[in-house]
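J.: Fold the following, please.
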Amino acid sequence: MTKKNTTIYDISKKLNVSVATVSRALNDHPRISQETKELVMAAAKEMNYKQNNLAKALKSGETKTVGVIVPYINTNFFSSVIRGLEEELSPHGYHVIICQSHEDAAIEKKQLNTLLNTQVDGIFISISRNTSDMEYIKKILATTNTPIIFFDRKKDIPGISTITIDDHKGAFMATEHLINQGYKNICHFSGDQNLEIYQNRLNGYIDALKANNLPVVKENIINTGSSIEEGISAVKNLWKRKIKPDAIFSASDFTALGACKEIKNLKVRIPEDMGVIGFSNEPFTQFMELSISSVDQTPVVMGKIAGNVFLERIKDNSSGISIEKKLVLSPTLHIRQSSSRKK
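T.: I've put the predicted structure just below:
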């Protein structure tokens, strides 16, 4: 026989008070005395009462949940953004549902629809590398009041707030640091150019070379993904050239790690003969035997700010106002052994 769940009617009968009084006490209504609230809460605990959150959500119009869609969860950057988001929203009673797109636009679209059907109060998205069609997002904006916020990887769509890092500035700083260390023939591992963040990093690299009167050599811009294996492969191809580079600025820490592994395998000294700098400041960059210089994207701060933008949006909506924000955070350059040639 299935055990019946305790209801507010059971608590009402036990305490000999009205159902309305029990409901108000459980929801901390100001018209109910503190003594009655404590009696109801004690009875609810004793009878193992579980509040029907779905019914509560339908009544209030809030589920107190938000959705987050990221390409992958197993990188420090995305997990740290989610940590910052939770730290900002948890004190306000929100729970976070995490989804992975696995860099697939079709999966991303399905997850977005699933979150909307779950009636989350807001959705945070860092788009996949092959996301291009934004018409379905625009349709959602036109038909629902659910706030959508882009972070890190984004598209510019009216009505959607974005929180990003200044990728151009970070790339400029990284490239100029290599130049100041005396490196002249600097290669760039460019990442996936379908994504705006990698386009901005490429442009930052180019502008730093121009600002320091160094030529922009087309062959020095190597189209890579963001994996260790692609860093290894790119260096192997570079070593087939007659004129070898003397430094690499990688748009990804993982590709920079692969580059360092292969450079050491080739018995080339880092940083004396070859400088390497990455982007993202993944934890491994500082704890390796040869620490890797990198640009920090402050992901926890990004997550906290994204959460704050959402809370402000919810507050604005209650007043009939909708404010769109475009926030750009400043990167920080962490200089370590892999690029510190000048003492």
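J.: alpha carbons only for contacts and neighbour counts from here, please
T.: Fine.
J.: for the stretch 1-150 of the chain, what spans make up the helices?
T.: 8-15, 19-26, 34-46, 53-60, 76-89, 105-117, 135-143 (DSSP state H, counting those that start in this stretch).
J.: which secondary structure elements does the third one contact?
T.: The contact analysis (3 or more Cα pairs under 8 Å, 6 or more residues apart in numbering; DSSP states H and E) places helix 34-46 against helix 8-15, helix 19-26.
J.: what's it in contact with?
T.: By Cα atoms under 8 Å, 6 or more residues apart in numbering, the residues outside helix 34-46 that reach it are 11, 15, 22, 25, 26, 28.
J.: and for stretch 208-218, what are the contacting residues?
T.: 172, 173, 175, 176, 179, 184, 206.
J.: ok so, going back, mean pLDDT lowest for which of the helices and strands packed on helix 34-46?
T.: Ranked by mean pLDDT, the helices and strands packed on helix 34-46 bottom out at helix 19-26, with a mean of 81.
J.: Relative to the whole chain's centre, how far out is that one?
T.: With Cα atoms, centre = their mean, to the nearest Å as the basis, helix 19-26 stands 41 Å off its chain's centre.
J.: Stretch 96-108 too?
T.: 12 Å.
J.: Residue 98 contacts residue 65, correct?
T.: No. Between residue 98 and residue 65 there is no contact under Cα atoms under 8 Å: 10.6 Å.
J.: Which one of the two is surrounded by more residues?
T.: residue 65 (19 against 16; other Cα atoms under 10 Å).
J.: Give me the distance between the residue nearest to the more buried one when sequence neighbours are not counted and residue 307.
T.: Residue nearest to residue 65 in three dimensions, not counting chain neighbours: residue 95, with 4.7 Å by Cα to Cα, 6 or more residues apart in numbering. Distance, residue 95 to residue 307, using Cα to Cα, to the nearest Å: 12 Å.
J.: what residues do the two have in common as contacts?
T.: Shared contacts of residue 95 and residue 307, counting by Cα under 8 Å, 6+ apart, come down to 86, 89.
J.: Which residue ranges of the stretch 201-343 of the chain form helices?
T.: Counting by DSSP H, counting those that start in this stretch, the helices of the stretch 201-343 of the chain are 228-238, 253-265, 284-287, 299-318.
J.: need the least confident one among the ones you listed, by mean pLDDT.
T.: Looking over the helices of the stretch 201-343 of the chain, mean pLDDT reaches its minimum on helix 299-318, with a mean of 89.
J.: what's the angle between that helix and helix 76-89?
T.: 40 degrees (axes from the mean of the first three to the mean of the last three Cα atoms, to 10 degrees).
J.: tell me which residues in helix 299-318 are buried?
T.: 299-307, 309-311, 313-314 (16 or more other Cα atoms under 10 Å).
J.: go on, stretch 329-337?
T.: Buried, per 16+ other Cα under 10 Å, within stretch 329-337: 329, 331, 332, 333, 334, 335, 336, 337.
J.: Just the ones of these in strands?
T.: 329, 332, 333, 334 (DSSP state E).
J.: Go through the helices of the stretch 1-150 of the chain and pick out the most buried.
T.: Each of the helices of the stretch 1-150 of the chain was scored by mean neighbour count; the highest is helix 76-89, a mean of 21, by mean count of other Cα atoms under 10 Å.
J.: My read is that residue 221 contacts residue 186, right?
T.: No. Counting by Cα under 8 Å, residue 221 stays clear of residue 186, with 9.1 Å between them.
J.: which of these two has more neighbours?
T.: residue 186 (25 against 18).
J.: Not counting sequence-adjacent ones, nearest residue to that one?
T.: Nearest non-adjacent residue to residue 186 (Cα to Cα, 6+ apart): residue 247, at 4.7 Å.
J.: I'd like to know how far that neighbour sits from residue 126.
T.: Counting by Cα to Cα, the gap from residue 247 to residue 126 is 30 Å.
J.: Please apply the same query to residue 251.
T.: From residue 251 to residue 126 the distance is 17 Å (Cα to Cα).
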